[in-house]
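1. Any chance you could fold what I've pasted below:
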Amino acid sequence: MYAAVSPFDDAAGPRESGPADIAPPDSVARPTMERADGAVRLRFAADGGRSRLDQCYQRGSMKVRFPRQHDTPVPEAVLLNTAGGITGGDRFSVTAELDANAALTLTSQSAERVYRSSGGEGHVDVSLKLNNGSKLAWLPQETILFDGGRVRRTLDAVMDANATLVLCESVILGRAAHGETVREGLLRDRWRVRRGGKLVYADNLTLDYSVLDGGKAAATGGGATLSGGRAFASLLIVAPSAEDMVDTARAALGECAVSSGASGWDGMLAVRLVAGDGMALRTSIMTLVTAVGVRLPRAWSA
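-> Numbering: from 1, shown residues only. So this is what the prediction gives:
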């Protein structure tokens, strides 16, 4: 037996839809924006005078490739971000460990792009471990920060006393050839290097701005001003007697179209560079690292 459903209320006549039947806009959940997530973990071991891949893990939109090389015993690992860039809420991590006497160069396939954020910051975390006598070079290609881009990066390295570490990061504030100007955004970089169980190098960089000086892409970080420059980089070498390379570095930079400074102390060489555009910065970095005996990744010239 079925109960009849009447279109009439007992006393009010025909039923009509009204505001009470429609969910208010505030109760409608906003769609969650898709975010990129990826990780790479590597381990290399020494094997008969060369270095070989011992472990490799990759997840999400972070990939790694190993080009064939016949002219050097040092392998290259090339990182790829298949998401096509970084924006607010994205998270990426890279972890690499070298066994005793192993060697590796880590780079990226192309320049990384930090796009305008619709909310939050992108995160990139790098962790490096160098065991006895190992040599690692972290040489990614440029990071291009677009207007409104927001990214926070950390780099932590733990190394034995007689290991060798080369770090180089470069940033370009918009593409000059496209007439781009960065007027707002955020970049936070934090480096920590521990050698022989002791913290030997700590560096924090913050570019946090709303309107840049006259649209010239000048920015301030750590008390230093780019003075209208559009590109800057930091190079650090931690190795036995690295401080002895400071004169070589200064001589090489003296021939380059950049403002720069180089210091050497306690087995470290630290260099800062500021250039008017990305090409001048890239050319100067290539001149500098070659002068101090660091082999450039093949991806830099591909």
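2. which stretches of the stretch 151-300 of the chain form strands?
-> 164-173, 185-195, 198-209, 220-221, 224-225, 231-238, 259-265, 268-275 (DSSP state E, counting those that start in this stretch).
3. Which strands and helices lie in contact with the last one?
-> Think strand 268-275. For strand 268-275, the packing partners by 3 or more CB pairs under 8 Å, 6 or more residues apart in numbering; DSSP states H and E come out as strand 198-209, strand 231-238, helix 246-253, strand 259-265, helix 278-291. C-beta coordinates here come from the backbone N, C-alpha and C atoms, glycine included.
4. again, only using 6 Å
-> Using 3 or more CB pairs under 6 Å, 6 or more residues apart in numbering; DSSP states H and E, the elements in contact with strand 268-275 are strand 231-238, strand 259-265.
5. so which of those is the most packed in?
-> Highest mean neighbour count of the helices and strands packed on strand 268-275: strand 231-238, a mean of 23 (counted as mean count of other CB atoms under 10 Å).
6. That one - which strands sit beside it in the sheet, and in what orientation?
-> strand 164-173 (antiparallel), strand 268-275 (antiparallel) (DSSP bridges).
7. Could you point out which of those sits nearest Arg298?
-> With CB to CB as the criterion, Arg298 lies closest to strand 164-173 of the strands paired with strand 231-238, at 15.8 Å.
8. Low-confidence stretches in this structure?
-> 1-33, 176-179, 209-225, 302 (pLDDT under 70).
9. Tabulate the strands of the stretch 151-300 of the chain in CSV, adding columns for distance to Thr287.
-> Rendered in CSV, the data for the strands of the stretch 151-300 of the chain read as follows (distance: least, CB to CB, whole Å):
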stretch, distance to Thr287
strand 164-173, 13
strand 185-195, 23
strand 198-209, 23
strand 220-221, 24
strand 224-225, 22
strand 231-238, 12
strand 259-265, 11
strand 268-275, 10
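10. Could you list every helix and strand that the helix or strand containing Lys129 packs against?
-> If you go by DSSP states H and E, Lys129 is part of strand 122-130. For strand 122-130, the packing partners by 3+ CB pairs under 6 Å, 6+ apart come out as strand 91-98, strand 150-159.
11. could I get these as a markdown table with distance to Gly85 and mean neighbour count?
-> Below are the helices and strands packed on strand 122-130 laid out as a markdown table (distance: least, CB to CB, whole Å; neighbours: other CB atoms under 10 Å):
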| stretch | distance to Gly85 | mean neighbour count |
| --- | --- | --- |
| strand 91-98 | 11 | 21 |
| strand 150-159 | 10 | 20 |
